[in-house]
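Participant: any chance you could fold what I've pasted below:
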Amino acid sequence: MQLNCDLGESFGQWQLSDEAQVMPYIDMANVACGFHAGDPITISKTLNLAKQHDVCVGAHPAYPDLAGFGRRSMAIALPDVAPLLHYQIAALEGMAKCQGLTLRFVKPHGALYNDMMANPELLTAIMQAVADYPSDLQLMIMSTTNHAEHSKQALYIGVPLLFEVFADRAYTDNGLLMPRTQEGALLSEDEMLDQVTNMIHKKTITTHGGQTLSLPMDSLCVHGDNPTAIKQIQKIRALVNDET
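Facilitator: I've put the predicted structure just below:
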């Protein structure tokens, strides 16, 4: 199980994650591209840390929404999706090349990620945009009960998928994340560690409604935006290492 984390999301004087504390415990860094967060200095420092710790680097593109941290849906016409993504991916890939790094994957951020999982047309447009980008890149999407359909679609379009699950979020019976506004959507630490243990050993998730879902799990999303979260990453890393 590969651990991924959204990083490079500071902007100017506003600091979010402590990348230096997070990077030693993860396998994949989803680096902000400047549209929802991230500036040239932050991106450069994050990439340098990824290089030091041999962490795989991916682009973390978003809606153009600095004020809302990319968490607000925007009405983007489908023909505009490819330029929106290509601009951000190309910027991050160029920064990565300056440090001798190769960009490996794309994981959309925030509202763009949620919208693509809810809107099949948007998901198709994003798949096509990543497939059309001149470098070979994988697309990270949420692992849901529709994973077989998504795999078939991606194979037809020609983009490899990475299926993502979440350590600290409760799931609905259809394999989607419970909205943060609902009670129980965010798991306690004990609940999170139990969920991660099941993911590692059984490849299953127990939903908020008590259903057991068996899903493909290529990467596990963790968070490092506070000291408690960093300690939780360390515990999750230990669980993964014990399995291997």
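Participant: grab the nearest non-local neighbour of the residue nearest the centre of the chain.
Facilitator: What sits nearest the mean C-alpha location of the chain, by CA atoms, centre = their mean, is K107, with 4.9 Å. Excluding the flanking residues, the one nearest K107 by CB to CB, 6 or more residues apart in numbering is M140, at 3.9 Å. (Glycine included, C-beta is placed from N, CA and C.)
Participant: and that neighbour, how many neighbours?
Facilitator: 24 (other CB atoms under 10 Å).
Participant: that older thread, so the residue nearest to the centre of the chain versus P227, what's the distance?
Facilitator: Between K107 and P227 the computed distance is 24 Å (CB to CB, to the nearest Å).
Participant: again, but for G68
Facilitator: Taking CB to CB, one finds G68 at 25 Å from P227.
Participant: low-confidence stretches in the protein?
Facilitator: Along the chain, the parts satisfying pLDDT under 70 run over 12-17, 243-244.
Participant: farthest from the middle of it: give me that residue.
Facilitator: G210 (25.5 Å).
Participant: could you pull out the helices for the protein?
Facilitator: 19-22, 40-52, 81-98, 110-118, 120-132, 147-157, 189-202, 227-243 (DSSP state H).
Participant: dump the ones you listed to a markdown table, plus distance to H60 and mean neighbour count.
Facilitator: Putting the helices of the chain into a markdown table (distance: least, CB to CB, whole Å; neighbours: other CB atoms under 10 Å) gives the following:
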| stretch | distance to H60 | mean neighbour count |
| --- | --- | --- |
| helix 19-22 | 13 | 20 |
| helix 40-52 | 10 | 18 |
| helix 81-98 | 8 | 18 |
| helix 110-118 | 9 | 19 |
| helix 120-132 | 13 | 19 |
| helix 147-157 | 19 | 14 |
| helix 189-202 | 22 | 16 |
| helix 227-243 | 17 | 15 |
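Participant: check contacts around G58.
Facilitator: Taking CB atoms under 8 Å, 6 or more residues apart in numbering, we find G58 in contact with 4, 28-31, 103-107, 137-138, 140.
Participant: try 6 Å this time
Facilitator: Listed by CB atoms under 6 Å, 6 or more residues apart in numbering, the contact set of G58 reads N30, R104, F105, K107.
Participant: what's around the third one, how many residues?
Facilitator: Which is F105. 23.
Participant: do D54 as well
Facilitator: When counting by other CB under 10 Å, one arrives at 8 neighbours for D54.
Participant: and for the one 3 residues further on?
Facilitator: Here the count is done by other CB under 10 Å, and V57 has 25 residues near it.
Participant: how far away is it from E9?
Facilitator: Distance of V57 to E9, computed by CB to CB: 14 Å.
Participant: can you check C221 too?
Facilitator: Distance from C221 to E9, by CB to CB: 14 Å.
Participant: same drill for these two, tell me which one is more crowded.
Facilitator: Using other CB under 10 Å, the more surrounded residue of C221 and E9 is E9, with 25 against 20.
Participant: skipping its backbone neighbours, what lies nearest the more buried one in space?
Facilitator: A37 (3.9 Å).
Participant: correct me if wrong: that neighbour contacts F11.
Facilitator: Yes - A37 is within contact range of F11, at 5.1 Å (criterion: CB atoms under 6 Å).
Participant: more neighbours: which of these two?
Facilitator: Comparing A37 with F11 by other CB under 10 Å, the one with more neighbours is A37, at 27 against 18.
Participant: for A129, which residues are in contact?
Facilitator: A129 is in contact with V81, A82, L85, counting by CB under 6 Å, 6+ apart.
Participant: what's the neighbour count on G224?
Facilitator: Here the count is done by other CB under 10 Å, and G224 has 22 residues near it.
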